[in-house]
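Asker: Sequence first, predicted model second:
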Amino acid sequence: MGLAIGDALGFPFEGKAREELKHINLSCYHAGLFPPGTWSDDTSLTFITIESLRRCQGLNLADLAQSFLRWLKEGYLTPFGQAIGVGRATKEALLRIEKGVLPEKAGGTDERDNGNGSLMRILPVVLWYRREPELVMLEKVHLASSITHAHPRAKIACGLYALLCRGLIETEFDKALGYALDFGRKFYQKAPFSAELRYFEPLFDGSLFTWPQEKISTSGYVVHTLLAACWILKRTKSYHEAVTLAVRLGGDTDTTAAVVGGAAGLCYGYESLPANLLNELVKGEMLKNIAWVFALEAM
Ligand SMILES: [Mg+2]
């Protein structure tokens, strides 16, 4: 639910410059004809993943890929019956699946395919496999990513976020991040990942946390999204402060706030979610029902 609120809060501002967002009242805005509380691809694909995990009692790539395709083609699990905010790499991969390409071979492997489209939807896989050894969880995370994003860099970003979120279920942010980076650095010290680790170096060496806001990028590039999310979570003290800062940084506001919001929800708990934003979510009762059943089963 933390992820869904972040997505909905950021959605009206997708693509806006940081300067424009400095002083406006975020909660009064809506995107074009869409009312406040409208959520986009981030929430749709996350909740579709929840449903697929429950239906198949684990990760089933064929089921998940077909469900994603239903979202793209039929508007399955969307606020108003149409897919909103479809990313390029995700669309291309799903159209390959429609033509019969196997889901594990469908995701882009080009360096330019490293958007944040799998990072935004990976959280349910983390929650479902949280009691399995890390190696098992990471293997599932990489597989789930590969349906649309199969480049090792996107997989590392999903894996580090997965380890962070796994840690956040048990402990506070600094300890969870330390655990994620320790485990991640060792785990990704092998082909095809080791050559990609340098893109995450500011996170590993801690220099990221000394960067001023001007140095934080919030494009749709998966490394930017992960680094921005960690930078935001490190310097904020509540769920609301975290997602608000994520939106105010501009750029890919809905996905940055969704990625931050998912982790911040684990950090601060369901009770920390602002009631007005929770109540404003389009089809909020449907989302809550899906989330609660999943929580009871997976947690
Ligand atoms: Mg979106």
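Answerer: Yep, that arrived. Numbering: from 1, shown residues only.
Asker: hey, where'd the helices end up in the stretch 151-299 of the chain?
Answerer: 152-170, 173-187, 201-204, 222-235, 239-248, 253-268, 275-280, 284-298 (DSSP state H, counting those that start in this stretch).
Asker: which residues sit against stretch 41-48?
Answerer: Applying Cβ atoms under 8 Å, 6 or more residues apart in numbering, the external contacts of stretch 41-48 come out as 3-4, 6-8, 64, 67-68, 71, 76-78, 83-87, 90, 117, 120-121, 123-124, 254-255, 258, 262, 287, 290-291. Backbone N, C-alpha and C define where each C-beta goes, glycine included.
Asker: okay, now the closest residue to the ion within the stretch 51-200 of the chain: neighbour count?
Answerer: Here the stretch 51-200 of the chain gets closest to the ion at one residue, Gly85, 3.5 Å apart by Cβ to the ion. Per other Cβ atoms under 10 Å, the neighbour tally for Gly85 reads 23.
Asker: surely it meets Ser40?
Answerer: Yes - judged on Cβ atoms under 8 Å, Gly85 makes contact with Ser40 at a distance of 3.6 Å.
Asker: okay, and the common contacts of these two?
Answerer: If you check Gly85 and Ser40 against Cβ under 8 Å, 6+ apart, the residues they both contact are 11, 14, 254.
Asker: State the pLDDT value of the nearest residue to the first one once chain neighbours are set aside.
Answerer: The shortest distance from Phe11 to any residue other than its chain neighbours is 4.4 Å, reached at Asp254 (Cβ to Cβ, 6 or more residues apart in numbering). According to the predicted model, the pLDDT of Asp254 comes to 97.
Asker: ok, now Tyr29?
Answerer: 70.
Asker: Distance of it relative to Asp41?
Answerer: Tyr29 is 19 Å from Asp41, where distance means Cβ to Cβ, to the nearest Å.
Asker: Looking only at neighbour counts, state which of these two leads.
Answerer: In this view Tyr29 and Asp41 are compared by other Cβ under 10 Å, and Asp41 has more residues nearby, 26 against 15.
Asker: near the ion, which residues of the chain?
Answerer: Counting by Cβ under 5 Å from the ion, the positions of the chain adjacent to the ion are 40-42, 85, 254.
Asker: Reformat the residues you listed as JSON lines; add distance to Arg55 and secondary structure.
Answerer: Below are these laid out as JSON lines (distance: Cβ to Cβ, whole Å; DSSP: H, G, I helix; E, B strand; the rest coil):
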{"residue": "Ser40", "distance to Arg55": "23", "secondary structure": "coil"}
{"residue": "Asp41", "distance to Arg55": "20", "secondary structure": "helix"}
{"residue": "Asp42", "distance to Arg55": "21", "secondary structure": "helix"}
{"residue": "Gly85", "distance to Arg55": "24", "secondary structure": "coil"}
{"residue": "Asp254", "distance to Arg55": "26", "secondary structure": "helix"}
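Asker: Of all pairs in these, which one is the farthest apart?
Answerer: Spatial extent of the residues of the chain next to the ion (Cβ to Cβ) is set by the pair Asp41 and Asp254 at 8.3 Å.
Asker: residues shared between the contacts of the two?
Answerer: Contacts common to Asp41 and Asp254, judged by Cβ under 8 Å, 6+ apart, are Gly85.
Asker: How about the contacts made by Ala258?
Answerer: Per Cβ under 8 Å, 6+ apart, neighbours of Ala258: 3-4, 6-7, 10, 42-43, 46, 120.
Asker: farthest-separated two in those?
Answerer: So, the contacts of Ala258 by Cβ to Cβ: farthest apart are Gly10 and Thr46, at 14.1 Å.
Asker: The two: which has the busier surroundings?
Answerer: For Gly10 versus Thr46, neighbours defined as other Cβ under 10 Å are more numerous around Gly10 (33 against 25).
Asker: can you confirm the more buried one is in a strand?
Answerer: No - Gly10 is assigned helix when assessed by DSSP: H, G, I helix; E, B strand; the rest coil, not a strand.
Asker: For Asp113, which non-adjacent residue is spatially closest?
Answerer: That would be Ala89: by Cβ to Cβ, 6+ apart, it lies 4.8 Å from Asp113.
Asker: tell me, how many neighbours does the one you found end up with?
Answerer: 25.
Asker: And for Ala264?
Answerer: 30.
Asker: Please report how far it lies from Arg96.
Answerer: 34 Å.
Asker: from the contacts of Ala258, which ones fall inside helices?
Answerer: Members of the contacts of Ala258 lying in helices (criterion: DSSP state H): 3-4, 6-7, 10, 42-43, 46.
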